[in-house]
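Trainee: need coordinates for the following:
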Amino acid sequence: MAQRLLGLAAVALLGGVIALAVIERRSDDASTTPTPTGAVAAGGGWYSGLAATRGQAGDAERTSCGLILTGNSYGVSHPVLPCGAKLMIRFGGETVLTEVIDNKLKSPGRQFEMTERLAREIGLDGTQEIDWRFTANPAE
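Mentor: Here you go, the predicted model:
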């Protein structure tokens, strides 16, 4: 019985060492991952669309993507793009990386709604035309 327990302990220890090695290897890989750049839209440029803020997040407001919004939430709503789609947004000399966090727009007449935090970062006020594109990894 003692030999069996000792054998199981050795296997568990070996598994733990292997797991730590894998985690350490992934950490090294993450530090060398290139920053995403925008994938070129059809015609060689950016797509354009109207965007506005979605307003202040309500108390425990949940998005259609399953996220709970707060004042620190960072992302866009788009009625067609899938939840989690990574996008580059360009407006007023600023270009930011963000993602789709909701598929329901609060108001008609626009293609995107941004969280307050994202709109402040790029200087979006009211309904404005933005440029956007999907992200692409330059190593691909």
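
Trainee: run a quick neighbour tally on residue 131.
Mentor: Residue 131 has 17 neighbours, counted by other Cβ atoms under 10 Å. Just so you know, the C-beta spots here come from the backbone N, C-alpha and C atoms, and that holds for glycine as well.

Trainee: from residue 48, how far out is it?
Mentor: According to Cβ to Cβ, to the nearest Å, residue 131 and residue 48 sit 5 Å apart.

Trainee: pLDDT weak spots in this protein?
Mentor: 5-44, 58, 137-140 (pLDDT under 70).

Trainee: where along it do the strands fall?
Mentor: Using DSSP state E, the strands of the chain run over residues 37-38, 47-53, 76-77, 86-91, 94-102, 112-114, 128-136.

Trainee: I would like the residues contacting the fourth one, please.
Mentor: Surrounding strand 86-91, the residues in contact under the criterion Cβ atoms under 8 Å, 6 or more residues apart in numbering are 36-38, 46, 51, 76, 81, 95-100, 112, 114, 118, 122-124, 128, 130-135.

Trainee: could I get the CA-only coordinates of that strand as PDB?
Mentor: Coordinates of each C-alpha in strand 86-91 appear next as PDB, following Å, rounded to 0.1, in the frame of the first residue of the first chain:
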ATOM      1  CA  LYS A  86     -11.300  41.900 -32.700                       C
ATOM      2  CA  LEU A  87     -11.400  45.200 -34.500                       C
ATOM      3  CA  MET A  88      -9.100  48.200 -35.100                       C
ATOM      4  CA  ILE A  89     -11.100  51.500 -34.800                       C
ATOM      5  CA  ARG A  90      -9.700  54.700 -36.200                       C
ATOM      6  CA  PHE A  91     -11.100  58.100 -35.400                       C
END
